[in-house]
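Q: Requesting a structural model of the entry that follows:
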Amino acid sequence: MKQPAQPSRRRFLKTAGAAGLGACIGLPAYAQARQIVVADPGGPYTAAYRKAFYDPFEQATGIKVVNVAREAQPVAQLTALVETRNYIWDVTTLTLSADIPYLESKGLLEPIGFTAADVPGLIPQAVTAHWMGVDIYAAALAYRSDKFAAQGPASWADFWDVAKFPGRRSLRRSPIETLEQALLADGVPMAQLYPLDVERAFRSLDRIKKHINLWWTSGAQAMQAIQNGDVDMIATWNGRSQAAIDNGAPVKIVWNQGIYSIEGWGIPKGTPRADMARQFVRFCADGARQAAFTDTLAYGPTNTKAFELIDPKRAAILPSAPQNLQAMGLPDPAWWAANRQAVTERFNAWIVG
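A: Numbers count the residues shown, from 1 in each chain. Next comes the predicted model:
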């Protein structure tokens, strides 16, 4: 995050940290009118978003973008923001399959004010009435090639096979993606995952639970674990694994049986800076801006025109590369919208049980 240059902004951030931006009624109008706070997952995301979206948007509009790190799963935090009207941020990253159906059904998001037809090149799946996706990512298996020099795990069944592939393991501390991985490990074909057989998934998880050395809760934690060699194999987002590779770690990504989805921007319902937030979301639909994002973080763009500006070697390591995408599957947003709360409660109880 850039450090504030003027005292008034420094005072503003101090006040926001103490009481929340929504409570800063006494601030001068200009301090509120020309600034938005954007929540992102931190780590390499922040660097990528700052380069591709935050700084260019500031330069184009004069609207300052302050970025803050949000929780790994932001739905509960966003819900609390809206219910208390304590708008500590105005835009946040949200996932199409895991977050949007639920948040839209609860009326917790602002309309973004445009459709895919308004932006040439933007894929239709990347836009709803209240959200726009800017990148395609994958939850995929990754492993340390220095641990498995000859042949590493190539599927979730291999990840579950502690005899053939001994080593320290890590899974996400969330049912999202983890239930799918458990079913794939148990032999369920990708095309037959949904509706998820929850009982079968938990039986599969029971078999691997005692072998999991780390249940990670943030992408930054997952990246550090595989980069530092704290674990030998991990289920995490490909951008985090690629960041470890870019940092020199001997890590290999396995696209086979990956779960891909689309991540993008949503605006909490009622934020007083919604109009500026909408400007920001629309700005991020631009193909050139999304191409710049892929330079830093290895996630695929949702605007196909971005590929005209991406080096072919770089494009080949993105989830949206055809050879990678065809090995993966897309989650069912409707299933997760209907079952998210129940399976999350069960998963959380199972973790500590």
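
Q: Pull the CA coordinates from the longest helix along the chain and hand them back as CSV.
A: Secondary structure assigned by DSSP state H gives helix 333-352 as the longest helix of the chain. Only the C-alpha atoms of helix 333-352 are listed here, as CSV (Å, rounded to 0.1, in the frame of the first residue of the first chain):
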residue,chain,number,x,y,z
PRO,A,333,-22.8,-22.1,-7.9
ALA,A,334,-26.4,-23.2,-7.3
TRP,A,335,-25.4,-26.2,-5.2
TRP,A,336,-23.1,-24.1,-3.0
ALA,A,337,-25.7,-21.4,-2.6
ALA,A,338,-28.1,-23.9,-1.3
ASN,A,339,-25.7,-25.9,0.9
ARG,A,340,-22.9,-23.6,1.9
GLN,A,341,-24.0,-22.8,5.4
ALA,A,342,-24.9,-26.3,6.4
VAL,A,343,-21.7,-27.9,5.0
THR,A,344,-19.5,-25.1,6.5
GLU,A,345,-20.9,-25.7,9.9
ARG,A,346,-20.4,-29.4,9.6
PHE,A,347,-16.8,-29.0,8.3
ASN,A,348,-15.9,-26.6,11.1
ALA,A,349,-17.2,-29.1,13.7
TRP,A,350,-15.4,-31.9,11.9
ILE,A,351,-12.0,-30.1,11.9
VAL,A,352,-12.1,-29.6,15.7
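
Q: which helices and strands sit right next to that helix?
A: Helices and strands touching helix 333-352, by 3 or more C-beta pairs under 8 Å, 6 or more residues apart in numbering; DSSP states H and E, are helix 100-105, helix 178-185, helix 198-208. All C-beta atoms are positioned from the backbone trio N, CA, C, and that covers glycine.

Q: how big is the angle separating the second one from helix 333-352?
A: Our comparison of helix 178-185 with helix 333-352, counting by axes from the mean of the first three to the mean of the last three C-alpha atoms, to 10 degrees, yields an angle of 90 degrees.

Q: gap between helix 178-185 and the chain center?
A: Counting by C-alpha atoms, centre = their mean, to the nearest Å, helix 178-185 is centred 19 Å from the centre of its parent chain.

Q: and if you look at the longest one?
A: A distance of 25 Å separates the C-alpha centroid of helix 198-208 from that of its chain, computed with C-alpha atoms, centre = their mean.

Q: same check, this time on the first one
A: Per C-alpha atoms, centre = their mean, the displacement of helix 100-105 from the mean C-alpha position of its chain is 16 Å.

Q: Which elements pack onto that helix?
A: Helices and strands touching helix 100-105, by 3+ C-beta pairs under 8 Å, 6+ apart, are helix 75-84, helix 333-352.

Q: who touches the longest one?
A: Judged by C-beta atoms under 8 Å, 6 or more residues apart in numbering, the contacts made with helix 333-352 from elsewhere in the structure are 96-98, 100-102, 105, 173-176, 178-179, 194-196, 198, 202, 205, 215.

Q: again, only using 6 Å
A: Residues outside helix 333-352 that contact it (C-beta atoms under 6 Å, 6 or more residues apart in numbering) are Ser97, Ala98, Pro101, Tyr102, Pro175, Tyr194, Pro195.

Q: Going by distance to Ala225, which of the residues you listed wins?
A: Pro175 (19.9 Å; C-beta to C-beta).

Q: residues near the residue nearest to Gln257 when sequence neighbours are not counted, how many?
A: Leaving aside its sequence neighbours, Gln257 sits nearest to Leu184 (C-beta to C-beta, 6 or more residues apart in numbering; 5.0 Å). When neighbours are defined as other C-beta atoms under 10 Å, Leu184 has 25 of them.

Q: And the contacts of helix 333-352, which is closest to Ile234?
A: Using C-beta to C-beta, the contacts of helix 333-352 come closest to Ile234 at Pro175, 17.1 Å.

Q: does that closest one count as helix, strand or coil?
A: coil (DSSP: H, G, I helix; E, B strand; the rest coil).

Q: quick one, what contacts it?
A: Val343, Thr344, Phe347.

Q: Rebuild those as a markdown table, extending it with pLDDT.
A: Listed next are the contacts of Pro175 as a markdown table, based on pLDDT from 0 to 100:
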| residue | pLDDT |
| --- | --- |
| Val343 | 97 |
| Thr344 | 94 |
| Phe347 | 98 |
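
Q: Out of those residues, who's the most crowded?
A: Using other C-beta under 10 Å as the neighbour criterion, Val343 leads the contacts of Pro175 with 22 neighbours.

Q: Next one: it from Thr236, what distance?
A: 20 Å (C-beta to C-beta, to the nearest Å).

Q: could you check the angle helix 75-84 makes with the longest strand anywhere in the chain?
A: As assigned by DSSP state E, the longest strand anywhere in the chain is strand 251-266. Strand 251-266 and helix 75-84 meet at an angle of 20 degrees, taking the same axes, to 10 degrees as the criterion.

Q: chain center to strand 251-266, what's the gap?
A: On the basis of C-alpha atoms, centre = their mean, strand 251-266 sits 9 Å off its chain's mean C-alpha point.

Q: So which other helices or strands are in contact with it?
A: strand 91-95, strand 131-144, helix 238-246 (3 or more C-beta pairs under 6 Å, 6 or more residues apart in numbering; DSSP states H and E).
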